[in-house]
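sequence first, then the predicted structure:
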Amino acid sequence: MEFRDQAIAARSAAVELATLTRAQKDKALHSMADALAAAEADLLAANEKDVDAARDAGTEESIVDRLVLTPARIGGMVQGLRDLAALPDPVGDVVRGWKLPNGVSVRQVRVPFGVVGIIYEARPNVTADAAGICLKSGNAALLRGSSSALNTNRVTIEALRQGLTDAGVTPDAVHLIEGGREVTADLMRARGLVDVLIPRGGAGLIQAVVDGSTVPVIETGTGNCHIFVDEDADIDQALAILTNAKTQRPSVCNAAETLLVHRGIADEFLPRALQALAGADVTVHGDEATRAYSADVVAAAEDEYDAEYLTLDLAAKVVDSLDEALDHIRAHTTGHSETIVTRSRSSAERFTAEVDAAAVLVNASSRFVDGGEFGFGAEIGISTQKLHARGPMGLPEMTSSKYVIEGSGQVRA
């Protein structure tokens with residue numbers, strides 16, 4: 001199908017999806033999960049082609065890691081769909097309601113957006129996650145994955161559409177948008193057919209969609225996530241949080257990218273931290289004060305404090321105070337996730353009050369900033385904007401609302 005035909009079909013499907021009961025949607029999600037599990041061998045074969053092509057093209061390993069599917073990752077995609085089925089249905093929830101003095105009742109209720117377009121890079125798991133979240137929230141999905149994952153996405157979409165058909169739900173609830181850049185441009189200009197557009201990927205992709213779209217955009221952002229080790233930090237706790245946030249999965253947006261250390265604890269903390277990071281093959285890019293603690297630390301260029309490495313690299317800097325740490329974060333944050341490690345309640349309260357980010361953590365790894373970890377099930381992305389949704393976007397964030405007004409013949413005087 002051509003893009004416009006797919007968009008029209010999705011618009012028609014959205015009318016059906018908005019009226020599905022929770023039982024119908026949950027049945028469809030389990031059916032999609034079953035079909036995806038049955039397609040594991042085909043998925044792995046298709047993914048091998050995509051991964052081989054990416055490596056042949058010289059793609060960075062951090063990007064290849066996002067592209068790779070394994071039986072465990074496919075299992076995670078399948079379980080993500082089943083987890084969604086277990087979650088409450090947001091559609092029809094009453095946000096608030098009241099009765100006017102004249103007896104008219106007013107209710108604000110959650111409703112689907114309608115047709116959601118998602119433009120994303122590499123990660124084929126997003127295909128299943130996005131399709132499932134859109135279905136559960138009553139939305140049709142137009143999915144524009146990257147060409148690097150085309151073979152994998154084709155097999156994934158085929159399985160998901162088969163699952164929908166088996167459950168008696170229109171397969172036009174989900175479409176894979178294929179073609180060159182002109183098709184992406186068509187999707188961004190499809191105002192009236194597409195209700196919301198969500199970009200997921202690097203800063204270049206996100207900015208291109210924000211700048212070029214006539215469709216309303218929910219902006220997911222990059223993650224230059226900071227960890228500030230305060231003067232009053234528990235050093236063992238800080239080491240555990242730092243190594244987990246940096247190394248547990250460095251290629252994702254909630255991984256730590258910048259370490260700030262209070263000068264008052266630097267002599268105790270940095271030698272141990274740098275040794276632990278070196279043992280995990282992390283290259284530290286530091287200021288002069290940080291380099292004084294290890295010859296392995298390379299000099300950090302000023303622009304590296306704005307970097308989202310997505311690799312085993314970390315920018316580091318020694319600061320004189322909490323104020324300096326806050327100033328540094330304000331200057332370089334991407335508004336994703338920021339962490340303080342401290343035993344000082346006053347420092348923690350200042351940090352959470354003054355840091356402007358979608359998530360602010362105290363004595364916990366930024367790797368927890370994730371829809372699954374929050375109990376949302378699969379997430380559509382992490383919004384770093386401030387309108388409509390902010391932070392991990394689960395089912396409620398994939399709805400809008402409308403007012404339902406009921407009377408008994410009242411008219412306005």
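All right, it came through fine.

so where is this protein shaky, pLDDT-wise?
Across the chain, the stretches falling below the confidence threshold (pLDDT under 70) are 378.

show me the domain layout of it.
3-220+393-406, 225-373 (automatic domain parsing).

output those domains as TSV; include the columns mean neighbour count.
For the C-beta atoms, the positions are set from N, CA and C on the backbone; glycine is no exception. As requested, the domains of the chain are arranged in TSV below (neighbours: other Cβ atoms under 10 Å):
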stretch	mean neighbour count
domain 3-220+393-406	19
domain 225-373	19
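
so which of the ones you listed is nearest Gly381?
Nearest to Gly381, of all the domains of the chain, is domain 3-220+393-406, at 3.8 Å by Cβ to Cβ.

so Leu43 touches Arg154, yeah?
No. Counting by Cβ atoms under 8 Å, Arg154 is not a contact partner of Leu43; they are 10.1 Å apart.

can I get the domains of the chain in JSON lines with distance to Gly381?
Formatted as JSON lines, these follow (distance: least, Cβ to Cβ, whole Å):
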{"stretch": "domain 3-220+393-406", "distance to Gly381": "4"}
{"stretch": "domain 225-373", "distance to Gly381": "9"}
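
what about the helices in the stretch 101-250 of the chain?
Using DSSP state H, counting those that start in this stretch, the helices found in the stretch 101-250 of the chain span residues 125-136, 150-166, 181-188, 203-212, 235-247.

I meant to write the stretch 301-413 of the chain there.
322-332, 345-354, 371-374.

relative to Val51, which of those helices is closest?
Judging the helices of the stretch 301-413 of the chain by Cβ to Cβ, what sits closest to Val51 is helix 371-374, at 23.8 Å.

list of residues touching that closest one?
Outside helix 371-374, the residues that touch it by Cβ atoms under 8 Å, 6 or more residues apart in numbering are Gly80, Asp83, Arg367, Phe368, Gly377, Ala378, Glu379, Ile380, Ile382, Pro392, Met393, Gly394.

turn the residues you listed into JSON lines, columns for distance to Ala173.
Converted to JSON lines, the contacts of helix 371-374 look like this (distance: Cβ to Cβ, whole Å):
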{"residue": "Gly80", "distance to Ala173": "17"}
{"residue": "Asp83", "distance to Ala173": "19"}
{"residue": "Arg367", "distance to Ala173": "32"}
{"residue": "Phe368", "distance to Ala173": "31"}
{"residue": "Gly377", "distance to Ala173": "18"}
{"residue": "Ala378", "distance to Ala173": "16"}
{"residue": "Glu379", "distance to Ala173": "19"}
{"residue": "Ile380", "distance to Ala173": "15"}
{"residue": "Ile382", "distance to Ala173": "24"}
{"residue": "Pro392", "distance to Ala173": "23"}
{"residue": "Met393", "distance to Ala173": "19"}
{"residue": "Gly394", "distance to Ala173": "19"}
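
sorry, back to before: out of the domains of the chain, which gets nearest to Ala413?
Going by Cβ to Cβ, the one of the domains of the chain nearest Ala413 is domain 3-220+393-406, 9.1 Å.

next one: that closest one to chain centre, how far?
How far domain 3-220+393-406 lies from its chain's middle: 13 Å, per Cα atoms, centre = their mean, to the nearest Å.

and it, how far apart are its ends?
Using Cα to Cα, to the nearest Å, the end-to-end distance of domain 3-220+393-406 comes to 40 Å.

using PDB, write out every CA atom in stretch 49-61.
Provided in PDB are the C-alpha atoms of stretch 49-61 (Å, rounded to 0.1, in the frame of the first residue of the first chain):
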ATOM      1  CA  LYS A  49      20.500  -9.900   7.600                       C
ATOM      2  CA  ASP A  50      20.000  -6.500   9.100                       C
ATOM      3  CA  VAL A  51      22.900  -6.800  11.600                       C
ATOM      4  CA  ASP A  52      25.300  -8.100   9.000                       C
ATOM      5  CA  ALA A  53      24.400  -5.300   6.600                       C
ATOM      6  CA  ALA A  54      24.900  -2.700   9.400                       C
ATOM      7  CA  ARG A  55      28.300  -4.100  10.300                       C
ATOM      8  CA  ASP A  56      29.300  -4.200   6.600                       C
ATOM      9  CA  ALA A  57      28.400  -0.600   6.400                       C
ATOM     10  CA  GLY A  58      30.700   0.300   9.400                       C
ATOM     11  CA  THR A  59      27.900   1.100  11.800                       C
ATOM     12  CA  GLU A  60      29.000   1.900  15.300                       C
ATOM     13  CA  GLU A  61      28.700  -1.100  17.700                       C
END
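
for the domains of the chain, which one sits closest to Leu387?
With Cβ to Cβ as the measure, domain 3-220+393-406 is the member of the domains of the chain nearest Leu387 (8.3 Å).

hey, what's the closest residue to Ala245 other than its chain neighbours bridged with?
Spatially, and ignoring its direct neighbours in sequence, Ala245 is nearest to Ala256 (3.7 Å; Cβ to Cβ, 6 or more residues apart in numbering). Beta bridges link Ala256 to Cys225 when assigned by DSSP bridges.

tell me how far Ala256 lies from Ser366.
From Ala256 over to Ser366 the distance is 6 Å, taken as Cβ to Cβ, to the nearest Å.

quick check: neighbours shared by those two?
Residues touching both Ala256 and Ser366 by Cβ under 8 Å, 6+ apart: Cys225, Ile227, Ala245, Thr339.
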